[in-house]
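# Sequence and predicted model, in that order:
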Amino acid sequence: MTSKRIRVLEERQFAGMSKIESESLRRRALSRPIREKTIHMHIWQWVQKNRPELVIFHVPNGEPRDVATATKLKRMGVVPGCPDFLFFTATGSYAIELKAPGGHLSPKQEEFQRRWTALGPRYHYFVCRSFFDFEKYLEKIEI
């Protein structure tokens, strides 16, 4: 997706569109391949603008690093497979892993998912493949 298309998508996404317009945008957005980092940025921008009260943060595990930095971060507690976003409410703890359409969880991510959900019914794990997945998930959990 070109930066111009991303910018147009972002501008329209936050412009208070009607339901018909947003559905049209949704269909067009889903018809084009989108990268995980683009989904990530759309979600973060939306949260900052529309839900600043959420206690949500990104866990920066996925970027390439030199060996010295990777070793230091591992010693400091970076956990392989940790999801992209964690957020907490009075009703539960939520882990959200972002994947581009067609992407799959790695074995380490699957292991983290099993450990997270084994903590109990208040621990939820969700894989988002688009901004719209994230938005639907918040509606589903009534956040």
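Ah, there it is. Numbering: from 1, shown residues only.
# quick one: the strands in the chain?
Along the chain, the stretches classed as strands by DSSP state E are 55-58, 85-89, 92-98, 123-128.
# who touches the first one?
Residues lying outside strand 55-58 but in contact with it, judged by Cβ atoms under 8 Å, 6 or more residues apart in numbering, are His40, Trp44, Val47, Asp84, Phe85, Leu86, Phe87, Phe88, Thr89. Placement of C-beta: from N, CA and C, glycine included.
# so how far is it off the chain centroid?
Distance of strand 55-58 from the chain centroid (Cα atoms, centre = their mean, to the nearest Å) equals 10 Å.
# So what are the sheet partners of it and their directions?
strand 85-89 (antiparallel) (DSSP bridges).
# what comes up buried for the partner strand?
Of the residues in strand 85-89, Phe85, Leu86, Phe87 count as buried by neighbour count, 16 or more other Cβ atoms under 10 Å.
# and what of stretch 120-129?
Neighbour counts using 16+ other Cβ under 10 Å place His124, Tyr125, Phe126, Val127, Cys128, Arg129 of stretch 120-129 among the buried residues.
# show me what contacts the second one?
For Tyr125, the set of contacting residues under the criterion of Cβ under 8 Å, 6+ apart consists of Pro83, Tyr94, Ala95, Ile96, Glu97, Gln113, Trp116, Thr117.
# And the pLDDT at the nearest residue to the third one once chain neighbours are set aside?
Nearest residue to Ala95, sequence neighbours excluded (Cβ to Cβ, 6 or more residues apart in numbering): Pro83, at 4.2 Å. pLDDT, Pro83: 95.
# Run a quick neighbour tally on Pro83.
22 (other Cβ atoms under 10 Å).
# follow-up on the earlier one: CSV please, covering the buried residues of stretch 120-129 and showing distance to Glu135 and pLDDT.
Compiled in CSV, these are given as follows (distance: Cβ to Cβ, whole Å; pLDDT from 0 to 100):
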residue, distance to Glu135, pLDDT
His124, 16, 96
Tyr125, 18, 96
Phe126, 12, 95
Val127, 14, 95
Cys128, 9, 92
Arg129, 12, 91
